[in-house]
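S.K.: Could you work out the structure for the sequence below:
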Amino acid sequence: MNIQNARELTKQPGPLAGKVALVTGSTSGIGLGIARAFAAAGANIVLNGFGAPDAIEQARHQVASDFNVRALFSPADMSKPTAIAEMIQSTVDSLGRLDVLVNNAGIQHVAAVDQFPVEKWDAILAINLSSAFHTTRAALPAMRRNGWGRIINIASAHGLVASPFKSAYVAAKHGIVGLTKVVALETAQDNITCNAICPGYVYTPLVEAQIEGQAKAHGIPRDQVIRDVLLAQQPNKRFATIEEMGAIAVFLASEAAASITGVALPADGGWTAH
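M.R.: This is a model prediction of the structure:
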C-alpha cells in the first residue's frame, strides 16, 4: 500500500459515523473507555458523570480532538429521574438524534446483609438499576423515530452469579440482565437491540487502589492479591482491559450485531463457566 492509499484509507468514515452515543458514568474508567471507542468509530458523544470539572473538561476535549467528533458533557445525576429525562432531551436537542445508549453508571458498597446500610441499598439500586430504566424509557422514542437504536447495559459477572457481601450490587446487576431481556423483546421489530455486557474484573484506577489496599490489609504481595483475592473466581487470572470493553460495545452497536439482542454477554475470563 503506498502513502497516498494509506492516507485515503484513514479518511474513510467510521462504522458509526453520524451516530450519537450517550454513555452514562463516562468521565473515567470503563465508561470513558467505551465513549472513546465509540468516538474512534465515528460517533458523536455525550459524556456523563461526576468528577473534578477540569478533569471532565480535559476528557471531553480529548475525545473531541482525538477523533474529530462532537463531544458534549451532561452532569445529570443518575439517581434523579427528572435530570435523566432532561439529559436525554438535551442530547436530542443539541445533536439532533440519539442512536446508542450505554448504561454504565454504577456504585458499590460491601457489607453483610444484616449490616447493609439502607441508604446504601437505595442508592445502589437507584444508580445501578433504576437509572437504566429511566434512560431507556426516555431514549426509545428518539430511536424509534430514527428506525434504529442500540442499548447496551454494562452489567457484570454479578448479573449472572453472586458473591457474599454484595447484596445490593448483585441484585441490581441481576435486575439489569432482566431489564435487558424485556427491552429486547419489546423492541425486536423496531430495528433496536438491547444487550448486556457482563465483565469480570476490569483494570481501572479504582481497581488499582483496591489492589494496594488489599495488599496492605493482608500483608501480602501485590501479585498474590491479584491472583488469590481479586481474581480468585476468574480462571484466566488476568484483568480485562478498558479497551476490550470498548471493542465489545462497538461490536454490539454495529450492523454485524443486528440480530444479537436480549443477550447477557460474559467477558469474565471464564468466571461464570464454573
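
S.K.: Let me see the ranges of the strands in the protein.
M.R.: With DSSP state E applied, the chain shows strands at 20-23, 44-48, 71-74, 100-103, 149-154, 192-199, 264-267, listed in chain order.

S.K.: Just the pLDDT for the spatially most central residue of the chain.
M.R.: Nearest to the geometric centre of the chain sits Asn104, at 3.2 Å (CA atoms, centre = their mean). With respect to pLDDT, Asn104 has a value of 98.

S.K.: Am I right that it is in contact with Leu22?
M.R.: No: taking CB atoms under 8 Å as the definition, Asn104 is not a contact partner of Leu22, at 10.1 Å. Backbone N, C-alpha and C define where each C-beta goes, glycine included.

S.K.: Pull up the gap between the residue nearest to the centre of the chain and Leu185, please.
M.R.: 23 Å (CB to CB, to the nearest Å).

S.K.: what's the neighbour count on Gln189?
M.R.: Close neighbours of Gln189, defined as other CB atoms under 10 Å, add up to 7.

S.K.: pLDDT wise, what is it at?
M.R.: Gln189 is given a pLDDT of 98.

S.K.: ok, now Ile30?
M.R.: For Ile30, pLDDT reads 97.

S.K.: What is the burial count for it?
M.R.: For Ile30, the count of nearby residues is 27 (other CB under 10 Å).

S.K.: Thr272 too?
M.R.: The number of residues packed near Thr272 is 17, by other CB under 10 Å.

S.K.: Contacts only, for it.
M.R.: By CB atoms under 8 Å, 6 or more residues apart in numbering, the residues touching Thr272 are Ala157, Leu160, Val161, Cys198, Pro266.

S.K.: which residue sits closest to the first one, ignoring its sequence neighbours?
M.R.: What it means is Ala157. Distances taken as CB to CB, 6 or more residues apart in numbering put Asp268 closest to Ala157, at 4.3 Å, once the chain neighbours are dropped.
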